[in-house]
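Trainee: All I have is the shape, not the residue letters:
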Ligand code: ADP
């Protein structure tokens with residue numbers, strides 16, 4: 001540990017004004033500022049081509065930024081090779097040597113650092129025990145499952161005692177069942193190792209399941225960074241809400257403000273009421289987006305509609321129904337450009353099943369809607 005109590009910690013990362021241009025014109029990374037605390041599990045999330053891997057390679061030392069600084073443990077590491085940065089990278093393909101046993105694959109990482117044979121194999125044995133690979137130590141990678149190979153790759157990266165481990169889509173080569181299993185394992189290995197993990201993914205559920213810090217990117221820029229739950233339930237704007245999923249977004253113009261409530265007119269639809277949250281600028285004439293969680297929507301038949309105070313509703317028609325096990329996904333046509341979706345708990349749905357073509361009100365508690373400036 002660092003002796004200076006004000007130091008950022010050995011595995012703390014700071015990206016300060018990072019820009020990366022491969023061709024001198026367009027920017028793959030366009031002015032990124034980010035602080036990742038020592039020992040955090042950070043997931044960088046965004047669609048393909050938004051600059052995630054470029055950021056990872058600049059932290060690793062496989063790429064230098066065009067502008068800006070990369071600090072690890074408070075020290076600017078731009079220009080230093082990966083070994084000097086004490087970073088390790090784990091790739092999607094795992095890159096294990098097929099002709100070497102698990103034990104030799106793990107020990108090899110120390111050989112390239114010039115460590116003697118005896119010490120190499122002692123350390124490899126300790127790591128094999130730590131990640132519970134004892135039964136497989138003498139096997140070749142081809143004799144292991146995808147999940148076991150991943151554990152070997154992690155052990156090989158961790159044995160060099162990096163202060164930061166970088167993972168580029170580490171789970172995307174696995175089938176769905178194994179992916180969920182390995183997700184749990186990655187999280188527990190990170191806690192055991194106690195080092196900073198930076199994990200790149202385009203899968204929202206993977207990011208929110210694993211990360212202490214979720215970073216959502218779009219076109220080379222950070223759109224929002226924060227704890228998983230904050231990014232999920234309080235997206236900053238429509239892009240983050242739609243990318244994270246689980247929300248319906250309605251756009252509208254503020255018609256009137258009355259104390260703690262405002263009236264918003266969505267396009268081509270009856271006005272709805274919103275609760276003013278004190279954070280989003282709401283004044284007559286301004287345009288806002290309203291995010292409503294799919295699991296906050298209640299579907300009400302037209303003959304049962306009660307104008308209960310504190311609730312808002314839009315009329316809609318059911319276009320599709322999908323059974324999902326513990327809930328039912330109901331797709332609604334509300335004349336918005338994007339689909340409006342309700343997740344109805346399965347027990348509640350089957351008490352009075354609805355059908356495709358039914359006209360319903362999609363209703364929600366206005367205190368639960370989340371307002372976003374446009
Ligand atoms: P992501 O990991 O989010 O899919 P990348 O960081 O790989 O995105 O890429 C960001 C942008 O930079 C893309 O437009 C991509 O085509 C471009 N890019 C990535 N690597 C290179 C490279 N080595 N040379 C030129 N352009 C690159």
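Mentor: Yep, it's here. Everything numeric in this text was worked out from a predicted model, so none of it was measured. Residues are numbered from 1 along each chain as shown.
Trainee: what ranges do the helices span in the stretch 1-150 of the chain?
Mentor: Under the criterion DSSP state H, counting those that start in this stretch, the stretch 1-150 of the chain contains helices at 52-60, 82-85, 102-111, 117-130, 146-158.
Trainee: Which positions in the stretch 1-150 of the chain make contact with the ligand?
Mentor: Within the stretch 1-150 of the chain, the positions adjacent to the ligand are 22, 28, 46, 48, 49, 50, 51, 52, 53, 54 by C-beta under 6 Å from any ligand atom. For the C-beta atoms, the positions are set from N, CA and C on the backbone; glycine is no exception.
Trainee: Report how many residues lie close to the fifth one.
Mentor: The burial count assigned to residue 49 is 12, neighbours taken as other C-beta atoms under 10 Å.
Trainee: quick one: pLDDT of it?
Mentor: Per-residue confidence (pLDDT) for residue 49: 95.
Trainee: Let me know the pLDDT of residue 113.
Mentor: At residue 113, pLDDT is 80.
Trainee: whoops, I mixed them up, residue 93
Mentor: The model's pLDDT for residue 93 equals 65.
Trainee: now do residue 362
Mentor: 93.
Trainee: Can you point out the buried residues in the helix or strand hosting it?
Mentor: Using DSSP states H and E, residue 362 falls within strand 359-365. Using 16 or more other C-beta atoms under 10 Å as the burial criterion, the residues of strand 359-365 that qualify are 360, 361, 362, 363, 364.
Trainee: do stretch 154-174 as well
Mentor: 154-160, 162-171, 174.
Trainee: Okay, domains of this protein per the record?
Mentor: In terms of domains, the chain is parsed into 13-233, 246-373 (source: automatic domain parsing).
Trainee: Between the two ends of the last one, how far is it?
Mentor: In other words, domain 246-373. End-to-end distance of domain 246-373: 19 Å, with C-alpha to C-alpha, to the nearest Å as the criterion.
Trainee: which stretch in the helices of the stretch 1-150 of the chain has the least confidence?
Mentor: helix 146-158 (a mean of 85).
Trainee: Quick check: what element follows that helix along the chain?
Mentor: Next along from helix 146-158, by DSSP H and E: strand 164-168.
Trainee: Next, the angle helix 146-158 makes with that following strand.
Mentor: 140 degrees (axes from the mean of the first three to the mean of the last three C-alpha atoms, to 10 degrees).
Trainee: Need the residues that contact the helix or strand just after strand 164-168.
Mentor: Downstream of strand 164-168, the first helix or strand assigned by DSSP H and E is helix 176-193. For helix 176-193, contacts defined as C-beta atoms under 8 Å, 6 or more residues apart in numbering pick out 41, 130-131, 145-147, 150-151, 154, 158, 165, 167, 170-172, 174, 197, 199, 206, 209-210.
Trainee: How about helix 176-193, which residues are buried there?
Mentor: 178, 179, 182, 183, 185, 186, 187, 189, 190, 193.
Trainee: what's the answer for stretch 28-35, then?
Mentor: Here stretch 28-35 shows 28, 29, 30, 32, 34 as buried, counting by 16+ other C-beta under 10 Å.
Trainee: What of stretch 71-85?
Mentor: For stretch 71-85, burial by neighbour count (16+ other C-beta under 10 Å) applies to 71, 72, 73, 77, 80, 82, 85.
Trainee: does the third one really touch residue 12, like I thought?
Mentor: In this case it means residue 73. Yes: look at residue 73 against residue 12 with C-beta atoms under 8 Å: they come within range, at 6.1 Å.
Trainee: Overlap in contacts, those two.
Mentor: residue 38.
Trainee: any idea whether the spatially most central residue of the chain is helix, strand or coil?
Mentor: Using C-alpha atoms, centre = their mean, the residue of the chain that lies closest to the mean C-alpha position is residue 207, 3.0 Å off. Three-state assignment for residue 207 (DSSP: H, G, I helix; E, B strand; the rest coil): helix.
Trainee: From residue 227, how far off is the nearest residue to it once chain neighbours are set aside?
Mentor: Closest residue to residue 207 apart from its sequence neighbours, by C-beta to C-beta, 6 or more residues apart in numbering: residue 43 at 3.8 Å. Counting by C-beta to C-beta, to the nearest Å, the gap from residue 43 to residue 227 is 11 Å.
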